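Visitor: Sequence plus the predicted model coming up.
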Amino acid sequence: MTVIKEETVLLKNYIDGEWVDARGTETLEVPNPATGELLARVPISSKEDVDLAVSAAKTAFKAWKYTPVPKRARILYKYHHLLSENHEKLAKLVVKENGKAYKEAYGEVQRGIECVEFAAGAPTLMMGETLSNIAEDIDSEMFRYPHGVVGGITPFNFPMMVPLWMFPLAIACGNTFVLKPSERTPILANELARLFTQAGAPNGVLNIVHGAHDVVNGLLEHEDVKAISFVGSKPVAKYVYERAAANGKRVQALSGAKNHHIVMPDADIEKAVSHIISSSFGSAGQRCMACSAVVVVGNGDEFVHTLKQRADDLIMGNGLDEDVLLTPLIRDSHRTKVLECIEKGLEEGASLVRDGRKEIDQLKEGNFLGPTIFDHVNPDMMIAKDEIFAPVLSLLRAKNLDEALEYIHKSRYGNGATIYTKDAKAVRQFREEADAGMLGINVGVPATMAFFPFSGWKDSFYGDLHVNGKDGVNFYTRKKMITSRYDY
Ligand code: NAD
């Protein structure tokens with residue numbers, strides 16, 4: 001139930017350095033997922049709002065592309081400082097609008113700050129390549145140039161980190177940016193823009209347009225938007241990739257996931273369970289790197305028993321309360337879909353080791369669901385194949401590592417996968433054969449840091465160049481080759 005306060009803020013768009021009302025008249029509520037308290041209303045902007053933002057970004061690009069790279073980098077240093085100074089405040093805001101636990105939110109802010117740290121290395125990152133004497137008296141040089149206006153579309157689950165995967169690096173590379181944050185967690189984006197301006201970013205370099213599909217389509221169709229960075233669910237990622245590419249834009253679309261963790265017979269059960277509990281149930285399973293399927297190799301009875309015990313001990317509640325690990329789902333409508341998936345799992349013949357539905361009534365104001373664990377899941381069942389994005393974990397049984405790897409091969413997704421073992425040979429086989437882009441060896445959430453690419457495979461990513469690292473620099477720049485003859 002949403003508790004409405006009279007003074008609830010209607011968020012504004014940020015265009016050309018001004019906080020402006022959206023032209024679109026529709027609005028949506030932004031409730032706190034743990035309490036139902038209405039935090040703000042978000043405008044559902046129109047294509048006209050997108051046009052205004054793109055036009056401001058296009059104008060700003062004229063000067064920004066000529067702003068010396070070290071000067072651009074200095075704004076990012078200042079931004080880094082301001083974000084660090086506001087670390088706790090930003091983390092509390094993440095908890096309020098997203099619902100995750102404070103510790104997780106604090107970590108998310110840290111990950112975001114690290115992206116700014118990386119982008120501040122722009123003078124080195126933007127360097128080109130040269131080769132003298134490619135032929136007699138002829139040299140070749142490669143320079144990097146920005147594209148122009150870049151659009152970014154982000155999901156609800158990392159309202160701080162995912163926008164920071166995009167705009168600091170894009171802008172450091174000389175582009176200007178229009179961000180469309182998730183309409184379910186839009187508040188933090190305005191704070192990010194406010195601090196960016198305080199750091200010295202000129203008007204129009206970063207713009208924010210709140211809303212939903214009209215804004216997305218506006219960006220995908222706008223001829224002045226040259227590149228699109230997207231993070232979200234599979235159907236939307238595929239759609240964005242196809243539309244943006246059809247319209248001649250460079251595009252990177254990070255998509256959904258189903259991450260398998262293999263528990264080998266020699267694994268340290270206590271440690272593996274700790275990692276899996278935190279990976280599967282932290283942020284209520286709403287992480288693209290969450291463990292959502294465990295493949296237990298050999299007799300897994302001790303593992304399953306320990307896992308259930310630890311899940312029973314989890315504290316569910318408001319992310320601002322200490323010791324809470326299990327936080328709410330983003331919306332009640334999402335929980336309804338999750339409950340349908342649980343029903344489907346039972347219909348398909350999987351057995352519930354732990355039924356989190358029993359805990360729904362404990363905290364009625366929020367969208368809570370207790371840890372839910374299915375055992376004896378078959379790889380062809382929906383609960384083994386589809387992303388549920390909730391604290392719902394599927395356990396599959398395998399005779400050996402070959403069979404466990406087969407389950408991973410069968411998955412349409414390939415974001416992450418982990419193995420728990422002390423056996424070097426098993427590690428090597430897993431590393432060579434698991435077809436996912438981010439692997440963990442005894443690591444519960446093998447998410448990469450800002451200086452490496454966030455490198456999902458298969459249907460977890462559409463495009464070529466990933467976000468972050470050198471891939472990110474290559475994505476946000478285009479190369480110009482100069483061939484010079486000196487025989488005059
Ligand atoms: P979502 O796809 O519902 O929304 C993402 C963005 O797309 C939002 O800004 C939303 O407004 C927009 N959107 C939604 N429906 C649209 C439509 N029909 N047309 C145009 N735009 C539309 O995703 P979400 O629920 O906010 O986020 C969770 C998803 O994101 C999960 O699937 C998760 O795995 C994925 N994710 C992936 C990564 C990764 O690195 N691969 C990282 C974080 C989240």
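Guide: Received it, and whenever you're ready, just let me know what you need. Residues are numbered from 1 along each chain as shown.
Visitor: can you give me the helices for the stretch 351-488 of the chain?
Guide: Residue ranges of the helices in the stretch 351-488 of the chain, as given by DSSP state H, counting those that start in this stretch, are 382-385, 401-410, 424-433, 469-476.
Visitor: Contact partners for the residue in the stretch 51-200 of the chain positioned nearest to the ligand?
Guide: With distances taken as C-beta to the nearest ligand atom, the stretch 51-200 of the chain approaches the ligand most closely at Pro155, which sits 3.0 Å away. (C-beta placed from N, C-alpha, C; glycine too.) Neighbouring residues of Pro155 by C-beta atoms under 8 Å, 6 or more residues apart in numbering: 162, 182, 231-233.
Visitor: in what helix or strand does the most centrally placed residue in the chain lie?
Guide: Within the chain, one residue has its C-alpha closest to the average C-alpha position: by C-alpha atoms, centre = their mean, that is Val162, at 4.8 Å. Using DSSP states H and E, Val162 sits in helix 161-172.
Visitor: And the next helix or strand past that helix?
Guide: Scanning forward in sequence from helix 161-172, with DSSP H and E defining helices and strands, the next element found is strand 176-180.
Visitor: Can I get that following strand in PDB? Just the C-alpha atoms.
Guide: Listed next in PDB are the C-alpha coordinates belonging to strand 176-180 (Å, rounded to 0.1, in the frame of the first residue of the first chain):
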ATOM      1  CA  THR A 176      27.700  14.700 -24.600                       C
ATOM      2  CA  PHE A 177      25.000  12.600 -23.000                       C
ATOM      3  CA  VAL A 178      21.200  12.100 -22.500                       C
ATOM      4  CA  LEU A 179      20.400   9.700 -19.700                       C
ATOM      5  CA  LYS A 180      17.000   8.000 -19.300                       C
END
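Visitor: chain center to whichever helix or strand comes after that strand: distance?
Guide: Scanning forward in sequence from strand 176-180, with DSSP H and E defining helices and strands, the next element found is helix 187-198. Per C-alpha atoms, centre = their mean, to the nearest Å, the displacement of helix 187-198 from the mean C-alpha position of its chain is 18 Å.
Visitor: Just want the angle from helix 187-198 to helix 161-172.
Guide: Between the axis of helix 187-198 and that of helix 161-172 there is an angle of 30 degrees, by axes from the mean of the first three to the mean of the last three C-alpha atoms, to 10 degrees.
Visitor: Is helix 187-198 in proximity to the ligand?
Guide: No - counting by C-beta under 6 Å from any ligand atom, the ligand is not contacted by helix 187-198; separation bottoms out at 10.4 Å.
Visitor: Now that helix: average pLDDT?
Guide: For helix 187-198, the per-residue pLDDT values average out at 98.
Visitor: can you tell me which residues contact Gly121?
Guide: Applying C-beta under 8 Å, 6+ apart, the residues near Gly121 are Ala73.
Visitor: how far away is it from Glu108?
Guide: Here the distance between Gly121 and Glu108 works out to 22 Å (C-beta to C-beta, to the nearest Å).
Visitor: Might you enumerate the residues of the stretch 351-488 of the chain proximal to the ligand?
Guide: Proximity of the stretch 351-488 of the chain to the ligand, by C-beta under 6 Å from any ligand atom, involves residues 387, 389, 415, 454, 456, 460.
Visitor: any chance of the residues you listed in TSV, plus pLDDT, neighbour count and distance to Ile187?
Guide: Below are these laid out as TSV (pLDDT from 0 to 100; neighbours: other C-beta atoms under 10 Å; distance: C-beta to C-beta, whole Å):
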residue	pLDDT	neighbour count	distance to Ile187
Glu387	98	22	25
Phe389	98	24	21
Asn415	98	29	27
Phe454	98	25	24
Gly456	98	28	27
Ser460	98	28	28
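Visitor: closest to Asp214 among those residues?
Guide: Distances from Asp214 to these, taken as C-beta to C-beta, are shortest for Phe389 (24.1 Å).
Visitor: residues near the residue nearest to the residue of the stretch 51-200 of the chain closest to the ligand when sequence neighbours are not counted, how many?
Guide: Leaving out its chain neighbours, the residue that sits closest to Pro155 by C-beta to C-beta, 6 or more residues apart in numbering is Gly232, at 4.5 Å. For Gly232, the count of nearby residues is 22 (other C-beta atoms under 10 Å).
Visitor: again with Ala40
Guide: For Ala40, the number of neighbouring residues by other C-beta under 10 Å comes to 18.
Visitor: With the one 3 residues further on instead?
Guide: Applying the criterion other C-beta under 10 Å, we find 24 residues in the vicinity of Pro43.
Visitor: my read: it touches Trp19, true?
Guide: No - the pair Pro43 and Trp19 fails to qualify as a contact (C-beta atoms under 8 Å) at a distance of 11.8 Å.
Visitor: Return every residue with contacts to both of the two.
Guide: For the pair Pro43 and Trp19, residues contacting each of them under the criterion C-beta under 8 Å, 6+ apart are 12-13.
Visitor: who touches Cys291 in this structure?
Guide: Contact analysis of Cys291 by C-beta under 8 Å, 6+ apart lists 259-261, 275-276, 279-280, 393, 418, 444-445.
Visitor: Same list (the helices of the stretch 351-488 of the chain) but as CSV, adding mean pLDDT and mean neighbour count.
Guide: Output for the helices of the stretch 351-488 of the chain, formatted as CSV (pLDDT from 0 to 100; neighbours: other C-beta atoms under 10 Å):
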stretch, mean pLDDT, mean neighbour count
helix 382-385, 98, 20
helix 401-410, 98, 18
helix 424-433, 98, 14
helix 469-476, 98, 22
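Visitor: For Ile208, which of these is the nearest?
Guide: Comparing the helices of the stretch 351-488 of the chain under C-beta to C-beta, the one sitting nearest is helix 469-476, at 18.4 Å.
Visitor: who's in contact with that closest one?
Guide: Helix 469-476 is contacted by residues 118, 125-126, 144, 146-147, 150, 165, 169-170, 173, 175, 227, 229, 250, 252, 448, 450-453, 455, 465-467 when judged by C-beta under 8 Å, 6+ apart.
Visitor: and the residues you listed, which are buried?
Guide: Buried residues within those, counting neighbours by 16 or more other C-beta atoms under 10 Å: 118, 125-126, 144, 146-147, 150, 165, 169-170, 173, 175, 227, 229, 250, 252, 448, 450, 452-453, 455, 465-467.
Visitor: elements contacting the helix holding Val162?
Guide: helix 69-85, helix 102-119, strand 149-153, strand 176-180, helix 187-198, strand 225-231, helix 469-476 (3 or more C-beta pairs under 8 Å, 6 or more residues apart in numbering; DSSP states H and E).
Visitor: got the angle for it vs helix 69-85?
Guide: Compare the direction of helix 161-172 with that of helix 69-85 by the same axes, to 10 degrees and you get 160 degrees.
Visitor: pLDDT averaged over helix 161-172 - what is it?
Guide: Averaging pLDDT residue by residue across helix 161-172 gives 98.
Visitor: That one: how far from the chain's middle?
Guide: With C-alpha atoms, centre = their mean as the basis, helix 161-172 stands 12 Å off its chain's centre.
Visitor: could you give the angle of it to helix 469-476?
Guide: What separates the directions of helix 161-172 and helix 469-476 is an angle of 60 degrees, with the same axes, to 10 degrees.
Visitor: Alpha carbons of helix 161-172, as PDB, please.
Guide: This file holds the C-alpha atoms of helix 161-172, laid out as PDB (Å, rounded to 0.1, in the frame of the first residue of the first chain):
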ATOM      1  CA  MET A 161      26.400   2.200 -10.600                       C
ATOM      2  CA  VAL A 162      24.800   1.600 -14.100                       C
ATOM      3  CA  PRO A 163      24.500   5.300 -15.000                       C
ATOM      4  CA  LEU A 164      28.100   5.700 -13.900                       C
ATOM      5  CA  TRP A 165      29.100   2.800 -16.200                       C
ATOM      6  CA  MET A 166      28.000   5.100 -19.000                       C
ATOM      7  CA  PHE A 167      28.100   8.900 -18.800                       C
ATOM      8  CA  PRO A 168      31.500   9.600 -17.000                       C
ATOM      9  CA  LEU A 169      33.500   7.700 -19.600                       C
ATOM     10  CA  ALA A 170      31.300   8.800 -22.600                       C
ATOM     11  CA  ILE A 171      31.800  12.400 -21.500                       C
ATOM     12  CA  ALA A 172      35.500  12.000 -20.700                       C
END
